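Student: predicted model and sequence below, questions to follow.
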Amino acid sequence: MIRETITHSIQEALNAVGITAENIVLEHPVDLSHGDFSCNVAMMLAKKEGRNSKELAEEIVKNLKETSEIQKVEVAGPGFINFFLSQEFFTGQIENILEEESKWGSNELLNGKKIMVEYTQPNPFKPFHIGHLMSNTIGESISRLVEFSGAETRRANYQGDIGLHVAKALWGIGKEGFDARSVGDLGIAYAYGHEKYEEDENAKLEIIELNKRIVAKDSDLMDTYTIGLNTSLNHFEEIYKVLDTKFDYYFFEGQSLPIGLEMVEKGLESGIFRESEGAVVFPGEEYGFHTRVFKTQYGTTTYETRDLGLPLLKQKEFNFDTSITITAVEQKTYFDVVFKAFSLLNPDFKGKLIHIPHGMMQLASGKMSSRKGNVITGESLINEMKTGALKKMKSSEVENKDEAAEQVGVAAIKYSVLKQSTGKNISFDEEQSLSFEGDSGPYLQYTNARILSILDKAKTEGIKEEVRKLSGVTEIEKLLPRFPEVVERAAREYEPHYVTTYLTDVASAFNSWYGQTKILDGTDEAPYKLACAHAVSITLKNGLWLLGIKAPERM
RNA sequence: GCCUCUGUGGUGAAAUGGAUAUCACAACGGUCUUCGGAACCGUUAUUCUGGGUUCGAAUCCUGGCAGGGGCACCA
């Protein structure tokens, strides 16, 4: 809004000087002392107009119309035009935040769009490790971002109830007598089956045979299979609860398989797929990717076959405009190939399927692999963080200590994932990388809890918040109005970290202010300072929600 | 080998082509707790390398170096 006002005003000033410019960009200077908005048109146009950029800037400023929202305009450096907004503007924003409350920060970028977000994708019979934690954290945040930006949003999970990994686990259970009721045993059985598959030719053939029997639903296997499947799925549900994720749809590979297989047959007829060395492949090389197998020489299907059928399965449930698939970056080229094959078979899906790759959790000790069995499970990490949080909590003040500690622990993990851009790897050091101090999830939660307790105190003392201007604009007043545009950018780029870093700036500005000022100081300024504190709390709370982090009232 | 992503203080990160590169951790020094110290204030220290584009480059182009990931029946 204010952005448009200023842009328009600059446009008019340029016209007055006799210059037309189509692209006027306003940015927030990094340094708040450089103003609230900064414009670089003068420097952009100076050369073309054959003028000195600083003089041009001065002339533009002379022709700007005055409004109540702008306090002053300055020319600085090589020709920046800096706009300082007025106290009336900032006071009005605080009032606006208090009114909008839970809606504060939302935008209309994706109004009317139907978006399905698929994430987490753990596989039954295999451990839920910290990589899944990462996918879940990013997926949940992206879901909330698009939802807050107006999209009709559905959360989907896609799980491998069939496939070679199941055969490996069941084979391991059969050989070594592991217990299918135990999550731990399933993980070990899988790692064992995988190891033998790689090094023992007989075992490999047995597992392939077993795989066929599973797909055919051989009744001798179904008891163990069902027990193992439910053990895994129930375990996953417990974790989703802690992570505050509720899926609208659960898709299984068993469902997408027949659809995918039919598409492969169709593609083989039309020449999109080829036969090669007894297998059916998609010659991705012809499209700048690489070739992948969609049906093996043993007659079994691959993950590719199943992923090929998935978009149609999704569409049947929810007629999406956009289907987002979130996985680790190691699968990037894999999805390039599968989506290419899919779009050749279904041209009307053009532009509707998006793959967002996220970085990998890297251990100091090397690559984590559930096949090798050297994984850190999501559960153990959450518990470790929770224990750490419990130690820090003051015993007397907190009622639901256990619940709060869990929320703090989860916040620490989620923050460390969401503070950096999505594509980057996280080098995971258990000792150091998850902190409760400084740049952290608990820091944001703590700041909010601190404000809530001030609001409580004000209530008992009968002090009411009141919006009226004071002399001097604080840093938090300058930062808070930026929240909606931060959210919009994060949603547009599918980058939650913009929200994370913004919230950290806000919390830091608040704590700094808090250190210098007493809010409930008994003066007539207290009601407005209280209103500002409340506005910070609303922003933190809504922002934390976007990150999928809970905001406990006491911690 | 080919494709692709990444390289920012001692460490982990941020920066729609903008001004003096921003945070946090660690280290060192301070606030001494009256609204919650999981906090605040201060000090030290950073854009892999050569060239190019631009009024202006951590960012764009190009050569090199280093690392991650992918490249046929795993997911």
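Tutor: Yep, it's here.
Student: please give me every residue in contact with the residue in the stretch 101-250 of chain A that RNA strand B sits nearest to.
Tutor: At 3.6 Å from RNA strand B, A:Gly163 is the closest residue in the stretch 101-250 of chain A, using Cβ to the nearest atom of the strand. The way it works is simple: take the backbone N, C-alpha and C, and place the C-beta from them, glycine included. A:Gly163 sits next to A:Asn123, A:Asn211, A:Glu253, A:Tyr303, A:Arg306 when contact means Cβ atoms under 8 Å, 6 or more residues apart in numbering.
Student: show me the domain layout of chain A.
Tutor: Domain assignment for chain A by automatic domain parsing gives A:2-85, A:115-254+A:299-363, A:391-547.
Student: would you list those in TSV and tack on mean pLDDT?
Tutor: Putting the domains of chain A into TSV (pLDDT from 0 to 100) gives the following:
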stretch	mean pLDDT
domain A:2-85	91
domain A:115-254+A:299-363	93
domain A:391-547	91
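Student: the closest residue to A:Phe80 other than its chain neighbours: what secondary structure?
Tutor: Once flanking residues are discounted, A:Phe80 sits nearest to A:Ser38: 5.2 Å by Cβ to Cβ, 6 or more residues apart in numbering. Taking DSSP: H, G, I helix; E, B strand; the rest coil as the rule, one finds A:Ser38 in the strand state.
Student: surely A:Ser38 meets A:Ile24?
Tutor: No: look at A:Ser38 against A:Ile24 with Cβ atoms under 8 Å: they stay out of range, at 11.7 Å.
Student: between the two, which one's more packed in?
Tutor: A:Ser38 (20 against 16; other Cβ atoms under 10 Å).
Student: distance of that one relative to RNA strand B?
Tutor: 3 Å (Cβ to the nearest atom of the strand, to the nearest Å).
Student: how about A:Ile272?
Tutor: For A:Ile272, the distance to RNA strand B - Cβ to the nearest atom of the strand - is 15 Å.
Student: so that residue is in which element?
Tutor: According to DSSP states H and E, A:Ile272 maps onto no helix or strand at all.
Student: so what secondary structure elements neighbour the longest helix seen in chain A?
Tutor: In chain A, with assignment by DSSP state H, the single longest helix is helix A:219-243. The contact analysis (3 or more Cβ pairs under 8 Å, 6 or more residues apart in numbering; DSSP states H and E) places helix A:219-243 against helix A:130-148, helix A:164-176, helix A:183-199, helix A:201-215, helix A:378-392, helix A:401-418.
Student: off-centre distance for it?
Tutor: 26 Å (Cα atoms, centre = their mean, to the nearest Å).
Student: indicate whether that helix makes contact with RNA strand B.
Tutor: No: Helix A:219-243 lies out of reach of RNA strand B by Cβ under 7 Å from any atom of the strand, never closer than 13.4 Å.
Student: next one: stretch A:332-342
Tutor: Yes: using Cβ under 7 Å from any atom of the strand, stretch A:332-342 reaches RNA strand B at A:Lys332, A:Thr333, A:Tyr334.
Student: my guess is the first one contacts A:Pro357. True?
Tutor: Yes: between A:Lys332 and A:Pro357 there is a contact under Cβ under 8 Å: 4.5 Å.
Student: neighbour-wise, which of the two wins?
Tutor: The residue with more neighbours, out of A:Lys332 and A:Pro357 and counting by other Cβ under 10 Å, is A:Pro357; that gives 18 against 13.
Student: okay, and that one sits in which element?
Tutor: Short version, using DSSP H and E: A:Pro357 is in strand A:353-358.
Student: direction included, what does that strand pair against?
Tutor: Taking DSSP bridges as the criterion, strand A:353-358 forms sheet pairs with strand A:322-328 (parallel).
Student: Provide a list of residues in contact with the residue nearest to A:Phe80.
Tutor: A:Leu26, A:Glu27, A:His28, A:Pro29, A:Phe80, A:Ile81, A:Asn82, A:Phe83.
Student: now the two most distant members of these.
Tutor: Across these, the longest distance by Cβ to Cβ is 13.6 Å; it joins A:His28 and A:Ile81.
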